[in-house]
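Model the structure of this input:
(2 chains)
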2 protein chains.
Amino acid sequence: MNTGIGFFQIGSIVVSVLAFGLAAWLYKWVVAQPSSNERIAEIGLLIRKGAGTFLKKEYLILARFSTVVAGLILLFLPSPIWNGNPATNIMMALSYLCGTIFSAVAGKIGISIATIANIKAAEASTRGIKPSFMSGFRGGAVMGMAVVGSSLLGVTLLLLLTNNTMVLLGFSFGASSLALFAKAGGGIFTKTADISADLVGKVELGIPEDDPRNPAVIADNVGDNVGDVAGMGADLFDSNVASMAAALVMAVPLDKATGGSINASMVFCYAAIGLLASIIGVATARMGKSDNPTKALNSSTYVTTAIFAILTAIATFTFGFEWRIWFASIVGLIVGVVIGITSDYFTDDSKPPVHAVAKASESGPAFTILSGVSYGLISALPAIIGIAISALVAFKICEPLGAGYPMFGISMAAVGMLSIVGMIISNDAYGPIVDNARGLVEMGSLGDKALEITDSLDSAGNTVKAVTKGFAIGAAGLTVIALLGAFISEVNIAAVEIGKATITGFDIMNPLVFFGLLVGAAIPAVFSAMLMLGVDRNAQRMVAEIHRQFKEIVGLKEGKPGVTPEYNKCIEIATNGAIKELIPAGLFAIISTLAIGFIGGVQAIGGFLTGNIISGLLFALFMSNSGGLWDNTKKYVEAGNNGGKGSRTHKAAVVGDTVGDPFKDTAGPSINTQITVVSLVASLMASIFLTVSLFG
Amino acid sequence: MNTGIGFFQIGSIVVSVLAFGLAAWLYKWVVAQPSSNERIAEIGLLIRKGAGTFLKKEYLILARFSTVVAGLILLFLPSPIWNGNPATNIMMALSYLCGTIFSAVAGKIGISIATIANIKAAEASTRGIKPSFMSGFRGGAVMGMAVVGSSLLGVTLLLLLTNNTMVLLGFSFGASSLALFAKAGGGIFTKTADISADLVGKVELGIPEDDPRNPAVIADNVGDNVGDVAGMGADLFDSNVASMAAALVMAVPLDKATGGSINASMVFCYAAIGLLASIIGVATARMGKSDNPTKALNSSTYVTTAIFAILTAIATFTFGFEWRIWFASIVGLIVGVVIGITSDYFTDDSKPPVHAVAKASESGPAFTILSGVSYGLISALPAIIGIAISALVAFKICEPLGAGYPMFGISMAAVGMLSIVGMIISNDAYGPIVDNARGLVEMGSLGDKALEITDSLDSAGNTVKAVTKGFAIGAAGLTVIALLGAFISEVNIAAVEIGKATITGFDIMNPLVFFGLLVGAAIPAVFSAMLMLGVDRNAQRMVAEIHRQFKEIVGLKEGKPGVTPEYNKCIEIATNGAIKELIPAGLFAIISTLAIGFIGGVQAIGGFLTGNIISGLLFALFMSNSGGLWDNTKKYVEAGNNGGKGSRTHKAAVVGDTVGDPFKDTAGPSINTQITVVSLVASLMASIFLTVSLFG
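Residues are numbered from 1 along each chain as shown, chains lettered A, B, ... in the order given. Next up, the predicted model:
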């Protein structure tokens, strides 16, 4: 039975609407939770306003940036407006704007609920672990549902309206632009505030974490929301859209050749089932009798995974899809879970790497760094082998289906891996909510029992965070491999149009490809270095501001009642600095792509994208895992191991943690977005690089 | 005029003999320099004996290792002995052994003179900077002449005797095996001793550097010799042999096709001219009126470079070689110099990066690390662009000469870059000699003026070291790209023999190639991490031993006359640990290559080698430059900047320096050797991977 694509598109829309419905219900549920503590409400409001300030500023700059980019798209893409069909250029520009707007709205919703849920989770902790967990989890789930619902809805509607897959790449590029701002900008914001607050507060003055006298304390709490909730959400929105776009870009020509629509149908069908599985997973998530939050989060992920596998198998049987492609999706899904587990191994404080780094820290901070860097580098290997094997297996298994199918198989592996993304985002956004809740419990003096409960919820958030980060990197990796296939598709469509020879691949022995490979591999390294230097510079500005406040505001240091620091000044510095430092790094990545394309043409770009993907994955995994490892080593030592809090080992572990902060929350995860942006720029520019280049 | 190859081979032999003659003369000159101080003679002897102990142990293990490898080669390479011509297998095995022996003898000579020249340079410093400089430089030049003379002689004789280029790859593999031991083993040795001596001596007990009470002080001085003299020598011996081997592997089939010998002649001609230019550069090196040692070292390098360019142009004109290939060589040479200059920019203490890291260190060690890592990552970009451009230009410029010439052009760019290697090794070996001399001046109490002179010589050594390291990495990069061409040649020779289709390249869109690329890129990261963890573990062992000696040897801590520590125990630990920690890392690299080859065949190996080269270059440059940057930042702060010695900034800079030590002296430069070893294993196994593989 071959049902028309309309059926699956309508199905996708229905499931998206269901997701929005669930999000709305969860939103109302969270808001309806009781809260009464005035002090908490006051601080919560400061955090909420701070996050609002950042988002407003970021979206304002982004609006200007997008207007310029949309203008350029209008003029030049997919082909110069004076050469082609102006209607297509208008569609492209609009779909680009839609991409930024859909993602921005989802981010705004997520921040909005996260800054309510933190208060609710804090107060619920006085009533026990279960209600507190549910506030945190359901707050995060709003973000998960909003992100995945809007990405599926956006892709479906756009294709329905335009019937042009190129437009999807425009939409995806919009999502990537936003992700670049949200992830890299948010990453710089959060680590600027975190490091500065610690440096002056804990190290210089010896006041505790989350102490309200510290002018950077609100900025620090805001940072958790803008970095981890909005940033990670935008990142996964981006990957999710890109994986669907890549799959559809390859599916539609395959369908055209056979006159059907079965491959495109399959993409929509699987994506919708993935979202449906996440909806069920979220709706049924409960904390079991064991009161173990990590278990609760993981078990709902496993439920989602199993539902996806079963429902897609049924759908494949019912609608006569190719079993080989189903298998490719499942391979992607399994590898995603495996990558999560290996990330966990290298960062969990009950596993050997954390113990080894703690032991090395006894000899001083240099050994914390050396051992952490080493384990981080080693940790990349299993994840990379996983991605390599899944790409190889997906390709080989779909090869008998004919030309074009192998790369389509890889893109479906990416779709499969990202099928549970709704659940992943929910788990990920849970982290900063309960982290904030812990701070509010401390600042609101809700007592030791509440602190103990939020501590345990927070610790589960950290564990799950390492896993979701590994997952996000793996998903981006597989997606950009699929985008390489999409790039070839675009090049060939353009080649046919202008009567040039089509290409089938990129030969490493072609010196242009090799040139691209070498330069492409250097980009993620430099990009991440620019972001880290940005955090460094920005933190220096904020430290100066904190010093100024402690010097000029009388009674602040002593904690005189009624004297409050100027929290907003710190939020402003973090916001302005983040935007300022992010732009050169983003432009560097985009301009290098254009430079290589205009110098070496499509062959050089093929090499460039590949080099970028390979080293990007390596650095993203290395940095995320090293950072997570240092973070947990510090916590492990603070729990009384290898000398415990205040010891020489602890001081060394704190140095590791500070180095790890921008590694894991700024540079590492931003590389995902960088490689996606570069891949999309390349695909969009395909026809231009084909006609205008120095050596190509 | 097309002269037969015999003429150029004889010329090469003559120039090699000239180099040995100069080495012998310089050796005698250094030995003849006056020395009379007993204390210095005594300590010098300890260093000499310690280096001897390490070399003996290393060569013993290497002898066992090589015997096993030679046995395997005898059985399986170039094809199983029961299938092919046993004589070829015997030649291969013997040439492999020759490669290890030639390199080992050159290393032994270098260590032998370096541990005499250090004494001579120390005592000469009482007579002024010029004689001290000359002792150091001429000591280093013995190593330079021995290494390049023996590599050229070895390659020439082997080809003359066997007339089989495959045998050259065996010779090259022998050189690589030795380099792996010498560079990675020496790197672990030197940093184990350096870090442990500092940790207990300077940090715990507060006694000065090079204090004879410290049980690790002799091991530390020995380390400079075994790491930098023997290690770097073996590394460049390896690159030099590999570049000639790769060029000849490609030249001979090109010559066969036209019935002449012009391309192979050109390889010998250029290599001989390179050595001749180095001989002239070394023989004429003098310190000018300015008494500036850096200037003296650099100006003789420029002299060598200019002589090479001029003489090769004359030869090309006289013998009717292709001007395009001449141009490719010159491009390689220029890029080598440019890479050296950019490495210098990122590590020189008069340039912005060092100042920025010193400034960041004011906020604590975490910022030393973050900024140093960032600048290190950025520093890789210009060097990689340089390598990418030189490969592209060499390829494009030789493309009109016909099939096979473009890759030959790249190999000649590598030969061009390595033409001045004799001079480079001389400069590089100069560094540890004057570093040792400085220590001897301190321990022998030769006075402040002598200390000032050796300080200035040492500082020049450090500056030049950064440049030569960048050069070594660049040379290895270009060489392994050429080896990729050699790999294809070998595959095709085997393919023709067994009646399989020949290959022309590696398509990235072939999933096996992509699989190889991903996994290959992860290898250098893991390899370097294993070495760093090895240093960490080994340093912990040595620290325990130093603690034991200070506890058990009565009067040692107080410096009671006649009480000496058991220096040999520390040398033993460094030696045994180095060998023990190096073997798993080396096996890991080799076994991964075999695994990928047997899984994915030649296509996967093509991707694997490329991934390895790309990420290897990136990590080698990053680690070497970050390490150099931290080293010089510490020295810059110690010179009184940003708070000066003993300040908080200084403590942070010391952490950076300790992290940088294994980065720049163990992991970074060993990656060179790792990628060469892997490339040669692949080329040697080409015919086997072609016939036996799971998916290939």
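
Assign A:Pro215 to helix, strand or coil.
coil (DSSP: H, G, I helix; E, B strand; the rest coil).

Check the spacing between it and A:Ala574 real quick.
As judged by CB to CB, to the nearest Å, A:Pro215 and A:Ala574 stand 11 Å apart. Every residue, glycine included, has its C-beta placed from N, CA and C.

Who has more neighbours out of these two?
More neighbours surround A:Ala574 than the other of A:Pro215 and A:Ala574, with 33 against 29 (other CB atoms under 10 Å in any protein chain shown).

residues of the helix or strand containing A:Leu160 that come out buried?
When elements are assigned from DSSP states H and E, A:Leu160 belongs to helix A:129-162. By neighbour count on 16 or more other CB atoms under 10 Å in any protein chain shown, the buried set for helix A:129-162 is A:129-159, A:162.

Beyond it, next helix or strand please.
helix A:165-179.

And whichever strand or helix holds A:Ile410, what does it pack against?
Assessed by DSSP H and E, A:Ile410 sits inside helix A:405-417. The contact analysis (3 or more CB pairs under 8 Å, 6 or more residues apart in numbering or on different chains; DSSP states H and E) places helix A:405-417 against helix A:232-258, helix A:262-284, helix A:323-347, helix A:365-398, helix A:448-498.

Could I get the contacting residues of A:Val659?
Applying CB atoms under 8 Å, 6 or more residues apart in numbering or on different chains to A:Val659 gives the contacts A:369, A:372, A:627, A:630, B:366, B:369-370, B:373.

What's the biggest helix in chain A, counting residues?
Secondary structure of chain A per DSSP state H: the longest helix is helix A:567-638.

and that helix, average pLDDT?
Averaging pLDDT along helix A:567-638 yields 92.

relative to helix A:165-179, how tilted is it?
Relative orientation of helix A:567-638 versus helix A:165-179 (axes from the mean of the first three to the mean of the last three CA atoms, to 10 degrees): 90 degrees.

Report the distance from helix A:567-638 to the chain centre.
Its chain's C-alpha centre and that of helix A:567-638 lie 12 Å apart, by CA atoms, centre = their mean, to the nearest Å.

tally of neighbours for A:Ser459?
Neighbour count for A:Ser459, taken as other CB under 10 Å: 17.

so what pLDDT did it get?
A:Ser459 is assigned a pLDDT of 82 by the prediction.

who touches it in this structure?
A:Ser459 is in contact with A:294, A:635, counting by CB under 8 Å, 6+ apart.

Please report how far it lies from chain B.
23 Å (CB to the nearest CB, to the nearest Å).

circling back to that earlier point, any idea which of the helices and strands packed on helix A:405-417 scores lowest on pLDDT?
Note on those: helix A:448-498 shows the lowest mean pLDDT, a mean of 85.

quick one: that helix to helix A:365-398, angle?
Going by the same axes, to 10 degrees, helix A:448-498 makes 50 degrees with helix A:365-398.

how big is the angle separating helix A:448-498 from helix A:129-162?
Using the same axes, to 10 degrees, helix A:448-498 lies at 10 degrees relative to helix A:129-162.

what packs against the next helix or strand after helix A:448-498?
Downstream of helix A:448-498, the next assigned helix or strand under DSSP H and E is helix A:511-552. Under the contact criterion of 3+ CB pairs under 8 Å, 6+ apart, helix A:511-552 touches helix A:186-197, helix A:567-638, helix A:648-662, helix A:668-684, helix B:365-398, helix B:567-638.
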